[in-house]
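Novice: take a look and give me a structure for this.
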Amino acid sequence: MNESEERAVTIITGRVWREKGEESEGVHIMLLAPDDDTAVRLALEALAREGYAEAELDRIGDMEGEPDEEPHLSAWQGALEGEIAIVTFDEPI
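Specialist: Below you'll find the model as predicted:
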């Protein structure tokens, strides 16, 4: 990869729980990682630091460009700067 190429942001989707047995929240985690295993490990560590007791990660992949809307746009920008961005949302019933 040359310096003019932008690194792909990895996105991991799933569900998280603050306390075991409580209602879950949907989660999108965005970060830079050299491979999927590292991305999952870093994501789980970040969730634990933020106080989540459980996580169920469903999908992982590379984003295909900049998101159009917040809060994902800010999360994507943070990931490009080396942060692990966590976006939570209510899951549809």
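Novice: ranges for the strands of this structure?
Specialist: 10-17, 25-31, 54-62, 85-89 (DSSP state E).
Novice: could you find the closest non-adjacent residue to residue 58?
Specialist: Of all residues not flanking residue 58 in the chain, residue 14 sits nearest, at 4.6 Å (Cβ to Cβ, 6 or more residues apart in numbering). Glycine gets a C-beta too; all of them are placed from N, C-alpha and C.
Novice: low-confidence ranges in the chain?
Specialist: Residue ranges of the chain with pLDDT under 70: 1-6, 93.
Novice: quick one on the thing from earlier: how about the strands of the chain in TSV, adding mean neighbour count and distance to residue 45?
Specialist: Below are the strands of the chain laid out as TSV (neighbours: other Cβ atoms under 10 Å; distance: least, Cβ to Cβ, whole Å):
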stretch	mean neighbour count	distance to residue 45
strand 10-17	20	12
strand 25-31	21	11
strand 54-62	13	11
strand 85-89	18	11
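Novice: list the beta-bridge partners for the most centrally placed residue in the chain.
Specialist: Against the mean C-alpha coordinate of the chain, by Cα atoms, centre = their mean, the closest residue is residue 29 at 0.7 Å. On the basis of DSSP bridges, residue 29 is bridged to residue 12, residue 86.
Novice: got the contact list for stretch 67-77?
Specialist: For stretch 67-77, contacts defined as Cβ atoms under 8 Å, 6 or more residues apart in numbering pick out 9, 28, 30, 63, 66, 85, 86, 87.
Novice: and residue 15, what is it in contact with?
Specialist: 24, 25, 26, 27, 55, 56, 58, 91.
Novice: repeat that for 7 Å
Specialist: By Cβ atoms under 7 Å, 6 or more residues apart in numbering, the contact set of residue 15 is 24, 25, 26, 27, 56, 91.
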